[in-house]
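Trainee: After the sequence you'll find the predicted model.
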Amino acid sequence: MTKNKLSAVALLVLMIPCISRGQVLFQDAVELRKLNPVFNIDSGYLEFSVEFHREAAEILKNYTDKSTYGDIEAAFTKNPFFRLPHIGAQSTDKIGGVSSFVSNIGGLDVTNFADGLARFMVKRAKEELSIVFFDQFNEELEKQKDLQKIFPSTYSILKTASSEIYNYQKFLPALREAFEFDLDEFLTNTYDWSVSGSEELTLLNELKKKVKLHNAIKLIFYTGRELDHGKHPGDILSEVSNQSEIDFDTLDVNLRSYFRVADLFSQSLRSNTDDRYWISKHEVEQFKDITFLRIYLGLLYQKCPDDLTFNIDGGSKKFSQILADFAKDLNEVQSFSKQFAGIAAQLDDGINKIASKGSEIKGSDYVSISKNLLSMVQLVMTTPCIRTIKPNHAVLEQLEFYADHASFLIANIQLRAYSAAVFEAYAILDKALENYADRTKVLQPLLKYGSFIASVATAETSEEVSEAIEAVALPAGSARIKREVAWNVSLNGYLGFFYGKENIPLSDGTDNTAKALGVFAPVGIAASHSFRLGKSNFSATLFGSLIDIGALAAYRLNDENLEVVPDIKLEHIVSPGGYFILGLPKLPISIGYGYQIGPRLREVKADSNVLVENQYDRWSAFIVVDIPLLNFYSKPRK
């Protein structure tokens, strides 16, 4: 996996020179300003002098399809900002176009961008890792078609391994690679999911019912995908309005035009140097010169596409007409131009900063890039001299909310903070489906298994993988489930102390009953029902034990550091029994009473185990900590 795709592209922007560079409007305006045109108060236009008429015509030729001076002069007679002088004797003179192509070959060692392909593979998982969890994971992916689209590589591996899920350790290395690949391509996968036409995608089809929200999310995921793949924000601005998958009109009838206007200004501000996409902050100061501003707007007017229109009260108005109106009052458009150019310069500075900082890159560096890109469009939508109708503030707020979370999502993916990235995706979809009654049920698997995938993808050791599975299988605090749902069935453990009577027969078969006190650690199946007394929730549980590892637990309480214990066989800890257990409110503490056939393992020592020869039985009361291991079934209260 590449450590940082955006850094790669930023470095390429810095190190790979342009193969060719076409006409740049901003630079042409700078050159024309040097010819010192004079503003004629009577006519209301800037006028170039006869002395420099040919130099001006050579630049302006690139904004027409004409080749003679007279034709070029005529092409600008309707320009509301400036005029060429009329020189009848030279009207048929050919004007030679001036163009320059800068071509350099640069090399870049892309090896530094490869990171993660040689990471530690999980050596092994602890034997305590639950096979049932992976089986449940596989079943959830089979059921949740939306998750299949968002984590396609993971689904493919698990589907292949489904018949051998009991041997999950064999597939962990491949799964880890699939996890990391899916997370690295998370924005690509979510965009592909958002534009899918499948009717099996429950979550997506619910989202499609909210047409505006659906298109807003498609727009955000598309932009995020392109940024994540390292495309320059200026190029994204050029391409996004042409996306047929996004129905801009459902969001705002003029939204596509707003994007096109932003792109028009963006392309007019291209730099003529190899180390920047847009002009620098120093060059932005040119907009303080009113004469320069008139030239710049005049060139922009000439470049404005005829089909760039705005819908106003059911009618249509060309943006070139709006530009022409600027000639009457330049104050507001001067402020807008400076702000827009300033944002562009700041974006370039941010990309260059990422390229130069290397390992010191922070999430805020990525966030500022995606936020500034949106700011360009917001500036167009909210500037009075450009917007022709009152903007849809609800749409602006929606885009801002989703763009903020998408910005953090991109940053987290770039920094490999995958768990945080999954949470940001969850926040986006949770907000979009806030009125959907079953959203928690549908979205919870994304958060649960997405977080698990993120933890395993960044794990370096088998112990970390074990912790990841334990955390997502049943997190700490899950003992509350028994008190908060009507019914619950789980694989459960208890750890605490018992007091009771044991009957350990002597070798001749004679009963040998005695009081007993010790550590109690059974594991088995628990079926629980909650009930309320006063203002407190309790749980009543019928528990069937399968094994009891009390002797081993007692040893570990005294010595946690010894890595190896004497061999223990299954038959030593088998301990079938039945209990009634009362779960106390607000604490993971339970009390109970019951009967069991005691485990043969009585004590664990550093070099040996103490076993009893014959089976025995025990009646005991106990106080224990409730430790659910795996949830099988829960029925909410009505």
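Mentor: That came in fine, so what should we check first? Numbers count the residues shown, from 1 in each chain.

Trainee: mean confidence for stretch 251-270?
Mentor: For stretch 251-270, mean pLDDT rounds to 84.

Trainee: Kindly apply the preceding question to stretch 441-461 instead.
Mentor: Mean predicted confidence for stretch 441-461 is 75.

Trainee: For I549, which non-adjacent residue is spatially closest?
Mentor: A521 (4.8 Å; C-beta to C-beta, 6 or more residues apart in numbering). To be clear about C-beta, it is placed using only N, CA and C from the backbone, and glycine gets the same treatment.

Trainee: ugh, wrong one, R33
Mentor: Spatial nearest neighbour of R33, excluding adjacent residues (C-beta to C-beta, 6+ apart): F292 at 4.6 Å.

Trainee: need the contact list for the one you found.
Mentor: In this structure, F292 makes contact with A29, V30, R33, Q286, judged by C-beta atoms under 8 Å, 6 or more residues apart in numbering.

Trainee: In which helix or strand does it reside?
Mentor: For F292, the element it lies in under DSSP states H and E is helix 290-303.

Trainee: next SSE after that helix?
Mentor: Next helix or strand after helix 290-303 toward the C-terminus (DSSP H and E): strand 309-312.

Trainee: If we go by neighbour counts, what in that following strand is buried?
Mentor: Within strand 309-312, the residues that count as buried by 16 or more other C-beta atoms under 10 Å are T309, F310.

Trainee: next one: stretch 71-90
Mentor: Within stretch 71-90, judged by 16+ other C-beta under 10 Å, the buried ones are 71-73, 75-76, 79-85, 90.

Trainee: Secondary structure class of R416, three-state.
Mentor: coil (DSSP: H, G, I helix; E, B strand; the rest coil).

Trainee: pretty sure it is touching F179, no?
Mentor: No - look at R416 against F179 with C-beta atoms under 8 Å: they stay out of range, at 11.9 Å.

Trainee: Is D275 in a helix, a strand, or coil?
Mentor: Using three-state DSSP, the structure places D275 in coil.

Trainee: count of neighbours near it?
Mentor: Other residues within reach of D275, judged by other C-beta atoms under 10 Å, total 13.

Trainee: That one and D349: what is the separation?
Mentor: With the distance defined as C-beta to C-beta, to the nearest Å, D275 ends up 11 Å from D349.

Trainee: dump the residue contacts of the closest residue to V240 other than its chain neighbours.
Mentor: Closest residue to V240 apart from its sequence neighbours, by C-beta to C-beta, 6+ apart: F259 at 6.0 Å. Going by C-beta under 8 Å, 6+ apart, F259 touches L237, V240, S241, F248, V377.

Trainee: any chance of those in JSON lines, plus distance to L227?
Mentor: As requested, these are exported to JSON lines (distance: C-beta to C-beta, whole Å):
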{"residue": "L237", "distance to L227": "11"}
{"residue": "V240", "distance to L227": "11"}
{"residue": "S241", "distance to L227": "16"}
{"residue": "F248", "distance to L227": "19"}
{"residue": "V377", "distance to L227": "14"}
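
Trainee: And the furthest pair within those?
Mentor: Largest separation among the contacts of F259 by C-beta to C-beta: L237 and F248, giving 13.9 Å.

Trainee: ok, back up a step: give me the lowest-pLDDT entry from the contacts of F259.
Mentor: Across these, the smallest pLDDT goes to S241, namely 74.

Trainee: I'd like the distance between the residue lying closest to that one once chain neighbours are set aside and E226.
Mentor: Closest residue to S241 apart from its sequence neighbours, by C-beta to C-beta, 6+ apart: F259 at 4.0 Å. According to C-beta to C-beta, F259 and E226 sit 13 Å apart.

Trainee: For the two, list the residues in contact with both.
Mentor: Common neighbours of F259 and E226, using C-beta under 8 Å, 6+ apart, are V240.

Trainee: quick one: pLDDT of the closest residue to K318 other than its chain neighbours?
Mentor: Excluding the flanking residues, the one nearest K318 by C-beta to C-beta, 6+ apart is T309, at 5.3 Å. On pLDDT, T309 comes in at 85.

Trainee: got the contacts of F259 as a markdown table, with neighbour count, secondary structure and distance to P37 columns?
Mentor: As requested, the contacts of F259 are exported to a markdown table (neighbours: other C-beta atoms under 10 Å; DSSP: H, G, I helix; E, B strand; the rest coil; distance: C-beta to C-beta, whole Å):
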| residue | neighbour count | secondary structure | distance to P37 |
| --- | --- | --- | --- |
| L237 | 22 | helix | 31 |
| V240 | 21 | helix | 36 |
| S241 | 18 | coil | 34 |
| F248 | 18 | helix | 39 |
| V377 | 21 | helix | 33 |
